[in-house]
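*Asks:* using only what follows, build the 3D model:
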Amino acid sequence: MGLVYAEISLKNAWDITNARHKIITEPEIRQTTVTAIVDTGAATLVINQAICQRLGLEVVDIYNAELADGSAQTYDLTEPVQIQWKDRRTTCQAVVAPNANDVLLGAIPLEAMDLIVNPSKRELIGAHGDVIVYMLK
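*Replies:* Below is the predicted model of the structure:
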């Protein structure tokens, strides 16, 4: 199939809340745009230490991961990050792989944004076309 990439925007979710409550201004929201590898084998969003610092994210927990080679690794887990792809967005915690060269966009945020991989075109598409489907509980 080959690699699938997606340009995504990442924002500090607490900054978004603070801007909404007028504690900070919109331009003060820490954010970045990156080209991520779409990785359905990864559980969630994976960023490196430089992006974690750029977004001002605090580490709030640890994440025990099983890597593709079967080995176990422990990583830091951040406070919430807002991920936006085109007109879709979701919020999740990010796993910090300190020396990672690439950002990975994993299965949980893909599902939350109702996205799937089109392997023949090597691109992300809406699972239900351009209609955004949000399931309420």
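*Asks:* next one: phi and psi at the nearest residue to residue 108 once chain neighbours are set aside?
*Replies:* Nearest residue to residue 108 in three dimensions, chain neighbours excluded: residue 44, at 4.7 Å (CB to CB, 6 or more residues apart in numbering). Every C-beta, even on glycine, is put in place using the N, C-alpha and C of the backbone. The phi/psi pair for residue 44 (degrees, to the nearest 10) reads phi -140, psi -160.
*Asks:* right, and residue 29 touches residue 19 too?
*Replies:* Yes: Residue 29 is in contact with residue 19 according to CB atoms under 8 Å; the separation is 5.5 Å.
*Asks:* quick check, pLDDT for the most centrally placed residue in the chain.
*Replies:* In the chain, the centroid-proximal residue (CA atoms, centre = their mean) is residue 45; its distance is 3.8 Å. pLDDT, residue 45: 97.
*Asks:* who are the neighbours in contact with it?
*Replies:* By CB atoms under 8 Å, 6 or more residues apart in numbering, the contact list for residue 45 reads 10, 81, 83, 92-95, 103-106, 108-109.
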